[in-house]
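Chemist: Fold the following.
(one chain, ligands or ions: 2)
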Amino acid sequence: MTLQISNMTRRFGPVDVLRGIDLTIGEGELIALLGPSGSGKTTLLKIIAGLDWPDAGGLSVQGEDWLPKTAQERRTGFVFQHYALFPHLKVRDNIAFGLTVMPRAQRPGKAQIAARVEELLHFLQIPALADRYPAELSGGQRQRVALGRALAISPPVLLLDEPFGALDAQVRRDLRRWLRGVHDATGTTTIFVTHDQEEAFELADRVVVMGAGRIEQTGRPDEIYDHPATPFVARFLGLTVEIPVTLRQGRAEAPGLDTSALPRRAMADGPATLFLRPADITPIPDPASPFRLTALTTTGATHRLVMEGPADCRPEAEVARRSAAALTVGQTLRLRPEAGQIFPGGPGAQTLPAAADNPRFKESTP
Ligand SMILES: Nc1ncnc2c1ncn2[C@@H]1O[C@H](COP(=O)(O)OP(=O)(O)OP(=O)(O)O)[C@@H](O)[C@H]1O
Ligand SMILES: [Mg+2]
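Modeler: Ligands and ions are numbered 1, 2, ... in the order given. Model (predicted):
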């Protein structure tokens, strides 16, 4: 089902929680909604499910207006982060629940429900759990059952709100792959909320980054990873080093900075800020550089370097332990970024909320 959200706003008291959301999700797409706590992800999901209503804007599915419909009429499948299964019902009865409470006219017969549950148990690879109670399951198994319950009614849209949030990293990774397989087999249009970028990038066809009630960027995972469109997205995706630079003919220049590995940008000359991931910086000993190494810590395979530069700039770099063997605290280093993103304006300009009018920058070859 194609789902279309247009200029949607939602306000709770004085707080604008959604500030003009425009998003179209294609038939069978798996979308990850990625954003920090409080950015409005759950609110958006609840509005789609019919558990909350917007103050303005539109929501349609297959061209049909969904706002006048009740949650029951929309029949979305919903899995919440801490959604408890019914503790007094066995797994098979939990999965069957949505079917058993359908209006009489649409409700399948008992034998049909049992067959559908059986089919789902196999499909979700949990047939051995059918007669257990939720208390007898691990967290990961419970979330599989919760997904089974959401899928039982063959929902037009599947809404997953941090379904793996409470689970440990290894189980999350397993479930992620399993979910991708389930999605590919059912083809259900799916919105998956997470604040874990690795999860979003591995799972989704498209990633939507939200910040403070707005969509900051929408794109394929690799597009977003390589070309964050705003300072907000850049910081959120780990480009945490910000170096004030001067742009000249599309090149970022600053003392102690070697940007020869970065492509030229089609941007006007003037002050700008270079955003970098610590792991994309190669430090090179250079007595003439203004960046001085002030701390060197190890996290096992990598070394983390903290430096002090001009104008209160304290860049951090992450390098393989082997290549950091010769470095000593106190020495000065030239920084060579292997990848990065440039936004116009000096450091002050970057503290403004990332605005929708921030242009996407085109790369150009010299
Ligand atoms: N019913 C409500 N009444 C008042 N404020 C609310 C209500 N529901 C949500 N909010 C506020 O709206 C904002 C967005 O909340 P929401 O739950 O959508 O965020 P989120 O992106 O899902 O965050 P998280 O990652 O922590 O789950 C928050 O500031 C929250 O306090
Ligand atoms: Mg939430």
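Chemist: Restricting to C-alpha, output stretch 188-199 in CSV.
Modeler: Output of stretch 188-199 as CSV, limited to C-alpha atoms (Å, rounded to 0.1, in the frame of the first residue of the first chain):
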residue,chain,number,x,y,z
THR,A,188,4.0,-5.4,3.7
THR,A,189,4.7,-1.7,3.6
THR,A,190,6.6,-1.2,6.9
ILE,A,191,7.7,1.7,9.0
PHE,A,192,10.4,0.8,11.5
VAL,A,193,11.3,3.3,14.2
THR,A,194,14.8,3.2,15.8
HIS,A,195,17.4,5.6,17.2
ASP,A,196,20.1,3.1,16.3
GLN,A,197,21.7,4.1,13.0
GLU,A,198,23.3,0.8,12.4
GLU,A,199,19.9,-0.9,12.7
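Chemist: That one near ligand 1 at all?
Modeler: Yes: against ligand 1, stretch 188-199 shows contacts by C-beta under 6 Å from any ligand atom at His195. C-beta coordinates here come from the backbone N, C-alpha and C atoms, glycine included.
Chemist: Relative to the whole chain's centre, how far out is that stretch?
Modeler: 6 Å (C-alpha atoms, centre = their mean, to the nearest Å).
Chemist: Buried residues of that stretch, list them for me.
Modeler: Thr188, Thr189, Thr190, Ile191, Phe192, Val193, Thr194, His195, Asp196, Gln197, Glu199 (16 or more other C-beta atoms under 10 Å).
Chemist: looking at it, the second one is touching Leu3, isn't it?
Modeler: If I follow you right, that is Thr189. Yes: assessed by C-beta atoms under 8 Å, Thr189 is found in contact with Leu3 at 6.2 Å.
Chemist: In this protein, spot the helix with the most residues.
Modeler: helix 169-186 (DSSP state H).
Chemist: In contact with whatever residue of the stretch 51-200 of the chain ends up closest to ligand 1, which residues are there?
Modeler: Residue nearest to ligand 1 within the stretch 51-200 of the chain (C-beta to the nearest ligand atom): His195, separated by 5.2 Å. By C-beta atoms under 8 Å, 6 or more residues apart in numbering, the contact list for His195 reads Leu34, Gly35, Pro36, Ser37, Lys41, Glu162.
Chemist: make it 10 Å
Modeler: Leu33, Leu34, Gly35, Pro36, Ser37, Ser39, Lys41, Glu162, Gly165, Met210, Phe236 (C-beta atoms under 10 Å, 6 or more residues apart in numbering).
Chemist: circling back to that earlier point, now do the shared contacts for Thr189 and Leu3.
Modeler: The contact lists of Thr189 and Leu3 share Ile25, Gly26, Glu27, Glu29, Ile31, Val61, Thr76, Pro156, Val157, where a contact means C-beta under 10 Å, 6+ apart.
Chemist: Can you list the residue ranges for strands in the stretch 51-200 of the chain?
Modeler: For the stretch 51-200 of the chain, strands defined by DSSP state E, counting those that start in this stretch occupy the ranges 56-61, 64-65, 77-79, 157-161, 189-194.
Chemist: CA-only coordinates of the fourth one, as CSV, when you get a sec.
Modeler: Put plainly, it is strand 157-161. C-alpha atoms of strand 157-161 as CSV (Å, rounded to 0.1, in the frame of the first residue of the first chain):
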residue,chain,number,x,y,z
VAL,A,157,0.8,-1.2,6.9
LEU,A,158,3.1,-2.5,9.6
LEU,A,159,4.3,-0.1,12.2
LEU,A,160,7.2,-1.1,14.4
ASP,A,161,8.2,1.2,17.2
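Chemist: before we move on, back to that, figure out which of the strands of the stretch 51-200 of the chain is closest to Val241.
Modeler: strand 189-194 (24.6 Å; C-beta to C-beta).
Chemist: pLDDT on that closest one, on average?
Modeler: Strand 189-194 carries an average pLDDT of 95.
Chemist: One more: stretch 89-99?
Modeler: 95.
Chemist: Identify each buried residue in that stretch, please.
Modeler: So, applying 16+ other C-beta under 10 Å, buried residues of stretch 89-99: Lys90, Val91, Arg92, Asp93, Asn94, Ile95, Ala96, Phe97, Gly98, Leu99.
Chemist: Check stretch 251-266 too.
Modeler: So for stretch 251-266, counting by 16+ other C-beta under 10 Å, buried means Arg251, Ala252, Ala254, Gly256, Leu257, Asp258, Thr259, Leu262, Arg265.
Chemist: Measure how the longest helix of the chain sits relative to strand 189-194, angle-wise.
Modeler: Counting by axes from the mean of the first three to the mean of the last three C-alpha atoms, to 10 degrees, helix 169-186 lies at 170 degrees to strand 189-194.
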